[in-house]
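# When you get a sec, could you give me coordinates for this:
(chains A and B)
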Amino acid sequence: MGYDLHFGWTGTIGRVILGATRAEGGTRKTSYCIGGGTTLPFLEPDPLSKAPLVALEICDDSEFWSPIIRNYCGDLVNNVGAWANTAETVYGADLVRLYLTSTRLRNFSDIASIGKTIESVLRSTALPLIIEGSNEPRIDSEVFQMCGETAQGERILLGTAEADRYRSIAAAALAYNHSLIAQSPIDVNLAKQLNILVREIGVQRDHIVIDPYTGALGYGFEYSYSAMERIRFSALKGDADLSMPMISSAIDSLAIKEVREAEPSLQDDMAVRWEFYTGLAAAVAGAEIICVRHPKTVAMLKNAFDSMRNGAGFQGVKQDGTQGA
Amino acid sequence: MALKALDIYKLLPKKNCKECGDPTCLTFAMKLAGGKADVDLCPYLDEKAKSILGATTRPPIRLVKIGVGERSFAVGEEFVLYRHDKTFYHPPGIIFMVSDSQAPEEIADVTVRVRDETFTRIGSDLRFSGIAIVNTSGSPEVFARAVATVEENADLPLVLITESVDALNAALVQVGSYQPLIHAATRDNFREMCAVAKKHNCPLVVKAQGIENLEALAKDCLAEGIKKLVLDPCPQSLGDYISTATAIRQLAITRAAPDLGYPVFLDAACFCFQDAAIALGIVKYASVIVTPPLLPESSKAALTLRQNIYTDPQKPIQMNPGLYRVGTPGKDAPVLVTVNFSLTFFTLQGYLESSRVPCFMLIIDTEGLSVLTAVAAGKFNETLVRDSLKKFDIENEVSHKTLIIPGYAAPLSGRIEETTGWEVLVGPRDAAEIGEYLHEVWSKRPGLP
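Residues are numbered from 1 along each chain as shown, chains lettered A, B, ... in the order given. Predicted coordinates for the structure are as follows:
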């Protein structure tokens, strides 16, 4: 054929395994291996190449959550176990991302309660988990230790390490064989720097997921989009310090003016579209885990990703029959 | 191999006649060398010089203008595969589709919507781009009537979707002089379609499945004398669209396949995933996107994504921290604290300017994070505010000790007051409300003389 969608790249995106089945020492019904790409997203010639994963974000204290989700989900948001279960069985998410928002209460100290929350979520869903620990350096060490220990064997993804606070989370990931999210503020070089720091204290490449930070659509998303594209290229060109897979969560999507001020009858759909357009574009730029908060966004993204995979499409282009399945 | 400006200059007539729009032949040569001008703009070139210059100097993707008048738009003239390599220049037209089988009132409603609907974001008016009329009925008369209905309601760029030359001719009686985009020339009808497009000087979509077929057909249409072409690769799935559109862009910008050097057309109605097709078209190289009218909840997201992706990435994301003046503020002017994320800065600055209240903006270093994120991440905190007040010597700039902080930073107000000794007023969450806030709250605050 006269064209090549590999552009001469030689690098491969590193692989990270999320979740552990019983055979792998955990209790999840499945485990995912993300990464492994050799070109731009959705251009892999392999018809079996995987679609990005969609994670539903939930929390253990809904006071800190968007009123849009509280209204849509009703009482569910006050029962984190049931919420996690519904994410799997009704909303059809690939992953559950649990935010331990209870730790944000003033003078929070009931570390044992976090253990109970995580146990309940592990019991209620068989999906692999992402767990977001505390936001408060004072309790980081205890919180992440508790997350790591309670989820031992489950190969969770722990969030979120940043340049000035990554030690507690790295310690918990190392001690219990979990992976971690390394977040930097929309900058390729800062992402690389943080990966190096995290690796220097012992976290292996295949236990790191990059979060280049996703600004909401209309509020800086274009910078995140390009940061993700650039990280993907660096990886394909062979930069091992940027070759980890990426996660994207446009957490401000439900708080922006266009969504907040939408007519009440349109507000849910507006929130879903805002998350959808952002999530789809982030996946095209290279993110392999797309996190959303509105349940209706989950199926919409999954259907679109299915149709975007190269498998079926490539045969349409390649008329000479040399490619495809 | 690209030619240097001086090599090109040697082939030009050196008359400095200005007929190409440039002041001298040398400046025209420099534009040609940068791929920013078309060799056809020079009326005095002989065929030999044209053939030498033509392939290497025209923009790798030809500029195609659709429609006439205020709402006309141009697409093409793109140079890169990734926006961070330079920028994307010409945002895709998003065009609402109607069928000639619909009732005239419905057609008129959609037309009026595209004519009037505006959504303002950071100082720009975002709008949909035009109307596409599909010849579902198969009848030339019905098609012409539907086109006339659109034309009676608005002067918008049009796309005429029919493979029937009769229907096309009937429609062009109505709108032939407005340069509608014709969709589409196929392997079966391209000679007739090219003749019609040529007669009315209209841009023409070339439709074929598979890149080789598309390339061959575009070449044949060019041989018929049509240069304003747009490519429709008839994707079979969204995945097919991504790989085909990427290949076309790559082959075009590297000049590996000059016959693919035209903007790309995407019919978002082809798949069951209208929103996905539009989002994908915007990020991956579509220049004309035709879609059934978008639901209100999708409209803003689509227009915003288009604006985001076609923003120039060379503009910095962070502002330098410091004290910025809006107008000529006096010693009693308000001081507004905010983050150094450039989008926040420019948005706030825009609203402050339109409020006509002279003031100071104290920009603090939150590493380019937005207010919402900086507060959540602890980057926007009382010590940073205190240190910034000191560093930029605000005490000597104003005669009062009152700070206005963003609405989203409200939880910090107490701590900022304690740490800095300044009185804190909590401003609105949205920059759009800052003008009203300054007029209502700031200028009427207690303690004023």
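# Can you tell me the centre-most residue of chain B?
With distances taken as Cα atoms, centre = their mean, the residue of chain B nearest its centroid is B:P91 (3.1 Å).
# Check which helix or strand it maps to.
B:P91 belongs to no helix or strand when assigned by DSSP states H and E.
# what about B:I289, how many neighbours?
24 (other Cβ atoms under 10 Å in any protein chain shown). Just so you know, the C-beta spots here come from the backbone N, C-alpha and C atoms, and that holds for glycine as well.
# Just want to check the distance between it and B:A277.
The gap separating B:I289 from B:A277 is 8 Å, by Cβ to Cβ, to the nearest Å.
# Could you tell me which residues touch both of those two?
B:L266, B:A268 (Cβ atoms under 8 Å, 6 or more residues apart in numbering or on different chains).
# In terms of secondary structure, what does the helix ranked longest in chain A contact?
If you go by DSSP state H, chain A has its longest helix at helix A:267-285. Judged by 3 or more Cβ pairs under 8 Å, 6 or more residues apart in numbering or on different chains; DSSP states H and E, the packing partners of helix A:267-285 are helix A:67-73, helix A:221-236, strand A:246-249, helix A:257-260, strand A:287-292, helix A:295-308, helix B:274-283, helix B:296-309.
# Kindly recompute the last result at 7 Å.
Identification of packing neighbours for helix A:267-285 by 3 or more Cβ pairs under 7 Å, 6 or more residues apart in numbering or on different chains; DSSP states H and E yields helix A:67-73, helix A:221-236, helix A:257-260, strand A:287-292, helix A:295-308, helix B:274-283, helix B:296-309.
# Tell me which of the ones you listed approaches B:E152 most closely.
helix B:296-309 (24.0 Å; Cβ to Cβ).
# and the closest one, how far from the chain's centre?
Centroid displacement of helix B:296-309 relative to its chain, using Cα atoms, centre = their mean, to the nearest Å, is 11 Å.
# ok, now stretch A:131-151?
Mean C-alpha position of stretch A:131-151 versus that of the full chain (Cα atoms, centre = their mean) differs by 18 Å.
# got the contact list for it?
A:97-100, A:103-104, A:108, A:111, A:114-115, A:118-119, A:122, A:129, A:156, A:158-160, A:165, A:168-169, A:172-173, A:175-176, A:178 (Cβ atoms under 7 Å, 6 or more residues apart in numbering or on different chains).
# Could I get the pLDDT score of residue 174?
You didn't say which chain, so I picked chain A. As predicted, A:L174 sits at a pLDDT of 97.
# I was thinking of chain B, sorry if that wasn't clear
pLDDT at B:Q174 comes out at 90.
# do the one 10 residues further on as well
Residue-level confidence at B:A184 comes out at 95, pLDDT.
# With the one 4 residues further on instead?
Each residue has a pLDDT score; the one for B:D188 is 95.
# which ones are touching the nearest residue to it once chain neighbours are set aside?
Leaving out its chain neighbours, the residue that sits closest to B:D188 by Cβ to Cβ, 6 or more residues apart in numbering or on different chains is B:E163, at 7.8 Å. Residues near B:E163 by Cβ under 7 Å, 6+ apart: B:A184, B:T186, B:N189.
# B:A37 versus B:A132, what's the distance?
Counting by Cβ to Cβ, the gap from B:A132 to B:A37 is 30 Å.
# Looking at these two, which is more packed in?
Here B:A132 and B:A37 are set side by side on neighbour count (other Cβ under 10 Å), and the busier one is B:A132, at 26 against 22.
# How about the secondary structure of that one?
Following DSSP: H, G, I helix; E, B strand; the rest coil, B:A132 is assigned to strand.
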